[in-house]
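J.: with the input below, show me the fold.
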Amino acid sequence: MNKAFAFALLPVAALALSACTLSPSAAEYDKAAADMIKNSFQDRGIAKLDRHAQDDANREGAAADEARKPIDPAIAKAIEAANMKTVKWPSDGKFIGDWKSGEAIAQSGRGLTWTDTAGTPNGGNCYNCHQISKEEISFGTLGPSLYNYGKLRGGTDPNSPGGKAIVEYTWGKLWNSRAYNACSQMPRVGHMGILNEKQLKDVMALLLDPASPVNK
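T.: Numbering: from 1, shown residues only. Purely as a prediction, here's the structure:
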């Protein structure tokens, strides 16, 4: 090999060698992980790939978790304000439905899987994270106990000033939990179309109706 040519190749070889020793950046790892997840799934039945789409709340919450520090307060307030604007109040102004139907919804974990049809009524799967009534002894503890929810908060009388406030808060929390907590892990059951308006009214009744076993 010509010596002059060999010497000319040395900087290129050094650059290539140094490039091989560099570790991928955090952003590159994130992209590789996201691509791997995306490529590992496919549309099937009613389960579509759009479920992987992240909004600001998802992204900022994940970044805070990765950094092991609270989300920036200003960002949190902006996320909560944006999500509050998505809350749709009852079309007829009535918040309370049938608590018995609400209990069935809270118990049900059906819906939204690829084995379900588009017309399958979704459940709330509420007991997966919460204690609700004393009769049900199998429940998760990821969320707080909701037993005596209305009784403890003075929300069993929606016509009272305190009752009106807790009724509206509860509806908003069910509709879009991130309107009140930017990093909430609670499903946004109204905003994401998991439960319809009637179903939400029935779950509201389970939590707030004085006749519900929740408030006994």
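
J.: center of this protein, which residue is that?
T.: In the chain, the C-alpha closest to the average C-alpha coordinate belongs to residue 187, at a distance of 3.6 Å (CA atoms, centre = their mean).

J.: poorly predicted segments of the chain, please.
T.: Regions of the chain meeting the criterion pLDDT under 70 cover residues 1-22, 156-162.

J.: ok, which stretches of it are helices?
T.: Shown for the chain, the helices assigned by DSSP state H span residues 3-21, 26-40, 56-67, 73-84, 99-107, 149-153, 161-175, 197-208.

J.: what's the span of stretch 165-183, first residue to last?
T.: Distances were taken as CA to CA, to the nearest Å; on that basis the terminal residues of stretch 165-183 are 23 Å apart.

J.: mind listing what's buried in it?
T.: Applying a neighbour-count criterion of 16 or more other CB atoms under 10 Å, the buried positions in stretch 165-183 are 166-167, 170-179, 181-183. (C-beta placed from N, C-alpha, C; glycine too.)

J.: what about that stretch, distance to the chain center?
T.: Taking CA atoms, centre = their mean, to the nearest Å, one finds stretch 165-183 lying 12 Å from the centre of the chain it belongs to.

J.: show me the contact partners of it.
T.: With CB atoms under 8 Å, 6 or more residues apart in numbering as the test, stretch 165-183 has contacts from 57, 60-61, 64, 71, 75-77, 79-80, 83-84, 86-90, 95-96, 149-150, 153-155, 158, 184, 186-191, 195, 200, 203-204, 207-208.
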